[in-house]
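In: Give the three-dimensional model of this entry:
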Amino acid sequence: MGFLSGKNNNFRFTFPVPFIPEEIENKYRPILNRIPCNMCDTVLDFVNYSISSIEFEMGLDASELIEQTDRATPQGRYSRSDAVPDMLWNRDITITFQLDSAYLIWHILCEVFMYYYCTKDKYLPKPPGMEILDTFNKVLYRITFDNLLFTSVSGLQFDFSSNEIDQKIITTTWKANKINVIIEPSKNA
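Out: Alright, predicted model coming up:
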C-alpha cells in the first residue's frame, strides 16, 4: 500500500532561505555531505525535506461567554465578551518532522530554536508560507504568517524495549501573531 507524501497532497509548505542562520548552515552542511544517499544540498533543503505534516489550529475560538443574571427571572442569559475579533482566531501551528537515522534534524531544530530564542528580534526574518493548489497544481490561495514565533521542539525518545519498526518524529510548535489568507484570482475568469 502506498502513502502520499505531504509534498503531493495539493499543498506546498517550505521554510524560506533566511530560516537557517549561516553559522548553523556551515556547521551541519559537512555532516549532511557524509550521510549516504543524501539528496539535499543545504541544511534548509534537509529541513524542508524532513517535514512530515503540518497542523494548523487556526479556527475561530469562541471567546469566554459572560453570564448576565436578570433579577426579574430565575434564569440568566449569556452574551459574548467584547474581545477584538482578531483575538478570536487561534493561531497555533504544529509542524512534525520525520526523524532521520542520525537524529540530525533534532539537533538542527534545537539549534535553530536557540538561535531565535537568543536573538533580539525573536520572530523569523521571513516567515514560511503555504500554498493550497488545485488539481492542476495552480495556486488557489496562500496562507502567510506574520511575526511567527518558534515556541518548542519535542524531546527525543530512545526505546530499545520493542523490536517493531517505528516511525520516529520530532514535533515543533509555533505561534503566529497574524495569519493572512490571500485568495488568488482565477486566470480563466
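
In: My read is that residue 108 contacts residue 19, right?
Out: No: the pair residue 108 and residue 19 does not pass the contact test of C-beta atoms under 8 Å, sitting 10.7 Å apart. All C-beta spots, glycine's among them, are computed from the backbone N, C-alpha and C.

In: Could you check which of those two is surrounded by more residues?
Out: The residue with more neighbours, out of residue 108 and residue 19, is residue 108; 26 against 20, by other C-beta atoms under 10 Å.

In: Name the helix or strand for the more buried one, please.
Out: Per DSSP states H and E, residue 108 falls inside helix 104-118.

In: Check which helices and strands that helix is in contact with.
Out: helix 22-34, helix 43-50, strand 92-98, strand 139-153, strand 169-183 (3 or more C-beta pairs under 8 Å, 6 or more residues apart in numbering; DSSP states H and E).

In: continuing past it, what's the next helix or strand?
Out: Assigned by DSSP H and E, the successor of helix 104-118 is strand 129-133.

In: how about the spatially closest residue to residue 25 that is not a sequence neighbour, what does it touch?
Out: Using C-beta to C-beta, 6 or more residues apart in numbering and skipping residues adjacent in sequence, the residue nearest residue 25 is residue 43, 4.9 Å away. Counting by C-beta atoms under 8 Å, 6 or more residues apart in numbering, residue 43 makes contact with 20, 24, 25, 28, 29, 32, 108.

In: And residue 43, how close does it get to residue 51?
Out: Distance of residue 43 to residue 51, given as C-beta to C-beta, to the nearest Å: 14 Å.

In: Helix or strand with the lowest mean pLDDT in this structure?
Out: Using mean pLDDT, DSSP states H and E, strand 65-69 stands out as the lowest-scoring helix or strand of the chain, at a mean of 59.

In: Low-confidence stretches in the protein?
Out: The model of the chain has pLDDT under 70 over residues 1-9, 58-89, 101, 159, 162-167, 186-189.

In: Need the contact partners of stretch 113-123.
Out: In contact with stretch 113-123 (C-beta under 8 Å, 6+ apart) are residues 21, 24, 124, 147, 148, 149, 150, 152, 153, 172.
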